[in-house]
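**Student:** Predicted coordinates and the sequence they were generated for:
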Amino acid sequence: MIRLFGGGFIGLLLLGLWVYCVFDVISTDSALARNLPKMAWLMIVVFLPDIGSIAWLALGRPQFAGWRPGDTARAPRRVVGPEDLPTYPASRAGSPDERLQAWEDDLHRREEEHRRRREGGGPAASGDQ
């Protein structure tokens with residue numbers, strides 16, 4: 001009975017922890033590993049099984065990782081600006097001077113429509129509402 005809960009049981013738990021940590025280090029994205037490169041963490045966990053496994057869990061594992069090895073679905077991702085998206089409107093593309101000129105042209109067109117509407121008393125010819 002003492003042998004079961006002594007070295008055998010604890011050894012089995014430590015072996016399970018070591019195997020879990022080895023798989024977790026291997027399956028974690030290298031960009032999300034903290035404090036050291038992924039290969040360094042793998043070497044630490046493999047050559048120092050008990051201490052390396054605990055160090056990986058405390059210091060190297062991604063901060064918001066799930067319980068499955070390599071699960072980083074809940075990890076925060078890089079912030080992407082609207083201009084980096086492929087759906088960004090083409091009208092916004094171009095140099096700042098081109099965008100400013102397009103904005104000024106649109107402003108002049110609207111002012112002209114507003115002036116015509118005010119002088120003529122009717123709706124604008126373009127149907128802008």
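**Tutor:** Ah, there it is.
**Student:** sec struct for Arg78, please.
**Tutor:** At Arg78 the chain is in coil, as set by DSSP: H, G, I helix; E, B strand; the rest coil.
**Student:** For the protein, which segments count as strands?
**Tutor:** For the chain, applying DSSP state E gives no strands.
**Student:** what about the helices in it?
**Tutor:** 2-3, 9-27, 38-47, 49-55, 96-120 (DSSP state H).
**Student:** Relative to Phe64, which of these is closest?
**Tutor:** Nearest to Phe64 among the helices of the chain is helix 9-27; the distance by CB to CB comes to 14.0 Å. In short, each C-beta sits where N, CA and C put it, glycine included.
**Student:** doesn't Val19 make contact with Pro49?
**Tutor:** No: assessed by CB atoms under 8 Å, Pro49 is found out of contact with Val19, at 9.5 Å.
**Student:** Pull out the buried residues from stretch 24-40.
**Tutor:** Asp24, Val25, Thr28, Leu32, Ala33, Lys38 (16 or more other CB atoms under 10 Å).
**Student:** Need the per-residue pLDDT for the third one.
**Tutor:** At Thr28 the predicted local distance difference test score is 86.
**Student:** now swap in the last one and tell me
**Tutor:** At Lys38, the predicted lDDT confidence score is 90.
**Student:** Could I get the contacting residues of it?
**Tutor:** Val25, Thr28, Ser30 (CB atoms under 8 Å, 6 or more residues apart in numbering).
**Student:** thinking again about what came up before, could you export the helices of the chain as CSV, including distance to Pro62?
**Tutor:** Listed next are those as CSV, based on distance: least, CB to CB, whole Å:
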stretch, distance to Pro62
helix 2-3, 38
helix 9-27, 10
helix 38-47, 11
helix 49-55, 15
helix 96-120, 38
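**Student:** Fine by me, thanks again.
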